[in-house]
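*Asks:* need a structure here:
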Amino acid sequence: MSQVLHTPPPSSAAPPPAGEDLAALAARHGLTVSGARPSLVEYVRQLWDRRHFILAFSRAK
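*Replies:* Here you go, the predicted structure:
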């Protein structure tokens, strides 16, 4: 019986330059907080955009 060792692939991401703030690095690349809630206006807009799906899903059997 053979054993297979699972090793993670080498990391290709280079560490940030010394002295650079990670928040600044994220902002420079356009990253946002993944769990951030949208504003009320944005939430209502998203809800309105998805109204057809919401209605169809609620009527599906």
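
*Asks:* okay, helices next: where are they in the protein?
*Replies:* 22-28, 40-49, 51-59 (DSSP state H).

*Asks:* roughly how far does the residue nearest to the spatial centre of the chain sit from Tyr43?
*Replies:* The residue lying closest to the centre of the chain (C-alpha atoms, centre = their mean) is Ser34, at 4.6 Å. Noted for Ser34: a distance of 16 Å to Tyr43, by C-beta to C-beta, to the nearest Å. Using the backbone N, CA and C atoms, a C-beta is placed for each residue, glycine as well.

*Asks:* just Gly35 next, same as before
*Replies:* 14 Å.

*Asks:* any idea how far Arg51 is from His29?
*Replies:* His29 is 33 Å from Arg51, by C-beta to C-beta.

*Asks:* do Ala24 as well
*Replies:* Taken as C-beta to C-beta, the span from Ala24 to Arg51 is 39 Å.

*Asks:* what about this structure, any weak spots by pLDDT?
*Replies:* Along the chain, segments meeting pLDDT under 70 span 1-5, 8-17, 19.
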